[in-house]
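Student: Provided below are the primary sequence and the corresponding predicted coordinates.
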Amino acid sequence: MAKDWIFVAGLCLARIAFGYQFQSLATMAPELVARFHIDYRLLGTLVGLYMLPGVVVALPGGLLGRRFGARLIVGLGLVLMSLGALLPLLVFDPASIGLGRALSGIGAVALVVMQGQMVSDRFPGRRFMPVMGLLVGAFPVGAGLVGLTHDPLLAAAGPAGLFMMGAALAATSLLLFLPTVQAAPAGRTASWAMPSRHECKLVVVAGLAWTAYNAGYYGFLSYMPSMLVTQGHTPGLIATVMVIATWANLPATVLGGALAVRIGNWPVFLVGTVAEVVAVAGQSFADWPLVWATLFGTAAAAHAGVIIAIGTLSARPENRATGMGLFYTTYYLGGAVLPAVCGGAADWLGSPAGALLAAAALSALAVPTYLLHQSMQRRPA
């Protein structure tokens, strides 16, 4: 039992490292722009390089996981996350930062693709959903941790301090993870086979639901600060809003997973989606930032673990690694397009409110997508 929870702690810390590494570069924007005289388009490219590898790496990562086992693939992923964070320390320029983020992003993809299979194998039945909720909620904890450590680390070591912190989190998670997971047994039956056509359809539709959820999630985190600035709110209030919106996610996703076990997935999913739509769009209609941040950080995060769970369980156990590779390929493809849609809405309306309203509308698409998935699941394969 203790070994199981050390395993969970290792994966949670890896997810925290994922969130920390992804968010840290955005917080360094003023320092990087001043030092390298780069424009915000290039800065946005550097930020996006962390997620970009998912488009081409997720499915091969799932196939490799099926063939060689989760321990090897996740272990290599955590090594890449550590090395990618350290690379800019060797040559600190935009090119090395971009290359480092791409390497770390590849490692993070290996982690997220394999986590569902590992948890479903180790925590079957009623334990599966709460553990998945815990892992999903760990990512925003990492993103929120950036805000707490940014100023002290920047003062102590400059931008290098944040890169080292990201590397340390990933390396520590590796030390917790490796002793708690067995290597794939020699001579085991393994193949490069894909899931069935029916499983692939279920996984892709679940991936679309996850894409819709994240359109609202990243829309809020990306544009709510700008919205509050245009409305004249103080930096202190904006920081408070973002802390509430991210740190409350962890208990909310765990509670959502536990409730889903008791009352079913659909009620938790529906309440969570409605709360997300209202929280993301709310500031455009009523100047209540703390209310929307609280709703976003709690009820609007309750169904995140449910979506990951239905994606994981859409494929048979032997196909789950490959299935999650397809799930995340769908998500990363959508993630490459939807931010531009939200940004275009902001330009069209001439205000960050346009992006928030577009993000809210996109997140609402999770409901018909979820219902389609459930309908397909009831049909015979």
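Tutor: That came through, no problem. These numbers come from a predicted model, not from an experiment.
Student: so who does the residue nearest to residue 241 when sequence neighbours are not counted touch?
Tutor: Spatial nearest neighbour of residue 241, chain neighbours left out: residue 293 (4.3 Å); criterion: C-beta to C-beta, 6 or more residues apart in numbering. Where C-beta positions appear, they are placed from N, C-alpha and C, glycine not excepted. By C-beta atoms under 8 Å, 6 or more residues apart in numbering, the residues touching residue 293 are 224, 240-242, 244-245, 279.
Student: one more: residue 150?
Tutor: 24, 27-28, 162.
Student: out of those, which is nearest to residue 326?
Tutor: Comparing the contacts of residue 150 against residue 326 with C-beta to C-beta places residue 24 closest, at 29.2 Å.
Student: may I have the phi/psi pair for the closest one?
Tutor: When read as degrees, to the nearest 10, the backbone of residue 24 gives phi -60, psi -40.
Student: so residue 182, which state does it fall into?
Tutor: Reduced to three states with DSSP: H, G, I helix; E, B strand; the rest coil, the structure at residue 182 is coil.
Student: separation between it and residue 283?
Tutor: 49 Å (C-beta to C-beta, to the nearest Å).
Student: quick one: which of the two has more around it?
Tutor: A side-by-side neighbour count of residue 182 and residue 283, using other C-beta atoms under 10 Å, places residue 283 first with 24 against 9.
Student: which residues of the stretch 251-381 of the chain score low on pLDDT?
Tutor: By pLDDT under 70, the weakly predicted segments of the stretch 251-381 of the chain are 380-381.
Student: residue ranges of the helices in it, please?
Tutor: In the stretch 251-381 of the chain, the segments counted as helices under DSSP state H, counting those that start in this stretch are 265-282, 289-297, 304-312, 320-349, 352-364, 366-378.
Student: residue contacts, the closest residue to residue 83 other than its chain neighbours?
Tutor: Once flanking residues are discounted, residue 83 sits nearest to residue 103: 6.1 Å by C-beta to C-beta, 6+ apart. Listed by C-beta under 8 Å, 6+ apart, the contact partners of residue 103 are 80-81, 83-84, 87.
Student: again, only this time at 7 Å
Tutor: 80, 83-84, 87 (C-beta atoms under 7 Å, 6 or more residues apart in numbering).
Student: that one: which element?
Tutor: Assigning secondary structure by DSSP states H and E places residue 103 in helix 94-122.
Student: returning to that earlier point: closest one of the contacts of residue 293 to residue 166?
Tutor: residue 242 (18.7 Å).
Student: tell me, what residue is most central in the chain?
Tutor: residue 139 (5.9 Å; C-alpha atoms, centre = their mean).
Student: enumerate every residue touching that one.
Tutor: Residue 139 touches 15, 18-19, counting by C-beta under 7 Å, 6+ apart.
Student: so how far is the helix or strand encompassing it from its chain's centroid?
Tutor: Using DSSP H and E, residue 139 maps to helix 128-157. Computed by C-alpha atoms, centre = their mean, to the nearest Å, the chain-centroid distance of helix 128-157 equals 11 Å.
Student: in it, which residues are buried?
Tutor: Buried residues in helix 128-157, counting neighbours by 16 or more other C-beta atoms under 10 Å, are found at 128-146, 149-150, 153-154.
Student: please identify the buried residues of the next helix or strand after that helix?
Tutor: Scanning forward in sequence from helix 128-157 by DSSP H and E, the next helix or strand is helix 159-177. Across helix 159-177, burial judged by 16+ other C-beta under 10 Å covers 159, 161-163, 165-167, 169-174, 176-177.
Student: quick check: what element follows helix 159-177 along the chain?
Tutor: The helix or strand immediately downstream of helix 159-177 is helix 197-230, counting by DSSP H and E.
Student: ok and that following helix relative to helix 289-297, angle-wise?
Tutor: 170 degrees (axes from the mean of the first three to the mean of the last three C-alpha atoms, to 10 degrees).
Student: next, the angle helix 197-230 makes with whichever helix or strand comes after helix 197-230.
Tutor: Going down the chain from helix 197-230, the next helix or strand is helix 235-247, by DSSP H and E. Relative orientation of helix 235-247 versus helix 197-230 (the same axes, to 10 degrees): 170 degrees.
Student: helices or strands next to helix 235-247 in the packing?
Tutor: Identification of packing neighbours for helix 235-247 by 3 or more C-beta pairs under 7 Å, 6 or more residues apart in numbering; DSSP states H and E yields helix 128-157, helix 197-230, helix 289-297.
Student: let's have those in TSV, adding distance to residue 367.
Tutor: Written out in TSV, the entries for those read as follows (distance: least, C-beta to C-beta, whole Å):
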stretch	distance to residue 367
helix 128-157	19
helix 197-230	8
helix 289-297	17
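Student: which one of the ones you listed lies nearest to residue 256?
Tutor: Per C-beta to C-beta, nearest to residue 256 of those: helix 128-157, 5.7 Å.
Student: still on that earlier bit, what is the lowest-pLDDT residue among the contacts of residue 293?
Tutor: For these, the weakest pLDDT value sits at residue 242, with 84.
Student: give me the number of residues near that one?
Tutor: If you count neighbours by other C-beta under 10 Å, residue 242 ends up with 21.
Student: kindly report the same for residue 347.
Tutor: 10.
Student: separation between it and residue 91?
Tutor: Going from residue 347 to residue 91 by C-beta to C-beta gives 36 Å.
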